[in-house]
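K.L.:
I would like the atomic coordinates for the input below:
(2 chains)
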Protein chains: 2
Amino acid sequence: MDDILVLSEKELRRAVRLDLEAIDVIENVFRALAGEGVIMPPVLSMHMEDANGEVDVKTAYLPGLSSFAVKISPGFFDNPGLGLPSTSGLMVMLSARTGHVDAVLLDNGYLTNIRTAAAGAVAARHLAPATVDTAGVIGAGVQARLQIVAAHMARPFSTVLLWSPNDALNESAAEEIAARTGAGVTIASTAEAVVTASELVVTSTPASSPVLMADWLHPRLHITCMGADQSNKNELDPKVLERSDLYACDRVAQCELIGELRTARAAGYLNDVTPPELGQIITGKASGRESDRDITVCDLTGTGAQDTAIANYALQNARELGLGLTIVR
Amino acid sequence: MDDILVLSEKELRRAVRLDLEAIDVIENVFRALAGEGVIMPPVLSMHMEDANGEVDVKTAYLPGLSSFAVKISPGFFDNPGLGLPSTSGLMVMLSARTGHVDAVLLDNGYLTNIRTAAAGAVAARHLAPATVDTAGVIGAGVQARLQIVAAHMARPFSTVLLWSPNDALNESAAEEIAARTGAGVTIASTAEAVVTASELVVTSTPASSPVLMADWLHPRLHITCMGADQSNKNELDPKVLERSDLYACDRVAQCELIGELRTARAAGYLNDVTPPELGQIITGKASGRESDRDITVCDLTGTGAQDTAIANYALQNARELGLGLTIVR
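P.N.:
Numbers count the residues shown, from 1 in each chain, chains lettered A, B, ... in the order given. Next up, the predicted model:
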């Protein structure tokens, strides 16, 4: 029990998949965040201009789980020029009883991708209209694709509209989404065309200025925005937050620093309001969508609590499957 | 090159020892901290009352080094009751060019012990009187012992006086220090007896109220205090900082939050003063000891820059020795 388990990305891909079980794990995180006892300090961020890189460290303690995760997420934006992915990283799991290292999950960001997509599914499950025919996605990267695949598990739509400025990525994204959901996928000519025709929209971009404008809003629309997770990022026209019937945060303390709430407040909106959190809506402590015609927005910045939960889930599954390499302490 | 190297504590003990080379590595860190280009964000701390535990995460980017370290240091204070050490942890090394994980150093705190002791030697080298006959130590734990062993490499004193409230530890500490330095070691009856008879004193305790009083100060004394590294810790009577001829920090931004400077300022001292940093003294940007009769104090809170430097040094040595286990990314 005192040895350290080291798991590779390949093993973690066997242990955890984007499925209803993973989505339930993340839904329980939001329930926990609405209760007592979760400890989640502010994110540690270091920016390295020389290297055009940054690293974020997130952690959280969740009562009842045997370990807590410390996640190290680097983003180095010259990597694509070297033929390497921009993001990578790992999660370290420490015993919640002794602090000793239980496991090192060398996931290269895989578990983050899963827990982030799963949060999108939780938002869709609790905030999107009860039935959705057409879903839209702005963005065509790994996370944009996973978001739509996850949202489809909550609302099995038949049509997907996709737009991003990257034509090459759009083709492969459309193919992947069609293969994984069975939905018909169309590449739209503009972001506006995506939003006006969809009932559920996900934005998943690295944008630092709005990619979704308030003029495009219409009744019976849910938006999950998950691109903004740094103090320089922004996907939504600030007026979107004001004009929607409901704006919810994954964590208010994070959204006001690094999410859409930061930009909206800087533009003069929502300064006297504390928005509800997704977990409060799930547990009935705050109201959610009140009519099918409501416009709802959920701002996901990504929490250390999700990391701790997905890492515990991965470790449990990996142990059951007998995966990993043991290092003697 | 793209694989991940995993090193165990046993291997890291082979790769790095407390010696003059390690002390020089840490001296260069202080030089770098006095120059341009080091990036060192505030420490991430999470306290878990339920578990009587805490975890600190430190990181720093040093120009010119191929990797930077993110260090995870847990302290769980009920562990001794379980027969386990309170502190443990590991260092993760990320490429300074791509952010990808280069190595995981499963050191259980060993490298922290070495870089902390080495910093004490650097302080002694640059601030203690030119010759020291008697050195004193308040504390008898692992780090207290290493501090005296390290200080002896900078000032080869013949006599050591030791005091801590833990009689059982005192005996074994005295034996270990005598064996490793060749000095004569005496267990003193009080902390005061240690300080009044020594020219170089190290405090290395988990104290949250003073263990070294200003009334005990005398000419020709250097004090290195390295216990305070949390906002609830304190080893020096605040008046010590005011009455000494020189008070230096490892990093002012840290000492004012978690070191002796915090307590001193709260007591009304040094509020209008920015103390010099050890690196500024080493590089001649600030003045150090000006006479053999001066009383000098060096406050060591421990920096992420030291972690990045010792981790790079360990990784280089481990690679030369062919140590470690390679995980395919």
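K.L.:
okay, CA-based contacts and neighbour counts for the rest of this
P.N.:
Will do.
K.L.:
Give the rounded mean pLDDT of stretch A:77-91.
P.N.:
Taken as a whole, stretch A:77-91 has a mean pLDDT of 92.
K.L.:
Now the terminal residues of that stretch, how far apart.
P.N.:
The stretch stretch A:77-91 measures 21 Å between its terminal residues, going by Cα to Cα, to the nearest Å.
K.L.:
which outside residues touch the longest strand seen in chain A?
P.N.:
Criterion DSSP state E: the longest strand present in chain A is strand A:67-76. Strand A:67-76 has contacts (Cα atoms under 8 Å, 6 or more residues apart in numbering or on different chains) with A:51-62, A:86-97, A:102, A:109, A:304, A:307-309, A:311-312, B:70, B:72, B:97-100.
K.L.:
Go ahead and list the helix or strand containing the residue nearest in space to the middle of chain A.
P.N.:
Closest residue to the average C-alpha location of chain A: A:Thr116 at 2.7 Å, with Cα atoms, centre = their mean. In this structure, A:Thr116 sits in helix A:110-127 according to DSSP states H and E.
K.L.:
pLDDT on that helix, on average?
P.N.:
The model assigns helix A:110-127 a mean pLDDT of 98.
K.L.:
residue boundaries of the helices in the stretch 51-200 of chain A?
P.N.:
Counting by DSSP state H, counting those that start in this stretch, one finds helices in the stretch 51-200 of chain A at the ranges A:110-127, A:142-154, A:167-181, A:191-196.
K.L.:
what separates the first one from the chain centre, distance-wise?
P.N.:
So the one you mean is helix A:110-127. Offset of helix A:110-127 from its chain centre (Cα atoms, centre = their mean, to the nearest Å): 5 Å.
K.L.:
Can you pull the poorly scored residue ranges out of the stretch 1-150 of chain A?
P.N.:
For the stretch 1-150 of chain A, applying pLDDT under 70 flags the ranges A:1.
K.L.:
what does it put close to chain B?
P.N.:
When proximity is defined as Cα under 8 Å from any Cα of the partner chain, the stretch 1-150 of chain A approaches chain B at A:8-9, A:39-48, A:51, A:53, A:55, A:61, A:70, A:72, A:74-76, A:78-79, A:86-90, A:96-101, A:106, A:108.
K.L.:
Next step: those residues restricted to strands.
P.N.:
Those of the residues of the stretch 1-150 of chain A next to chain B lying in strands (DSSP E): A:8, A:44-48, A:53, A:55, A:70, A:72, A:74-76, A:90, A:101, A:106.
K.L.:
coming back round to it: give me the angle between the helix holding A:Thr116 and strand A:67-76.
P.N.:
Here the directions of helix A:110-127 and strand A:67-76 differ by 100 degrees (axes from the mean of the first three to the mean of the last three Cα atoms, to 10 degrees).
K.L.:
separation between the residue nearest to A:Arg289 when sequence neighbours are not counted and A:His152?
P.N.:
Distances taken as Cα to Cα, 6 or more residues apart in numbering or on different chains place A:Leu127 nearest to A:Arg289, at 5.8 Å, with adjacent residues excluded. Applying Cα to Cα, the value for A:Leu127 to A:His152 is 14 Å.
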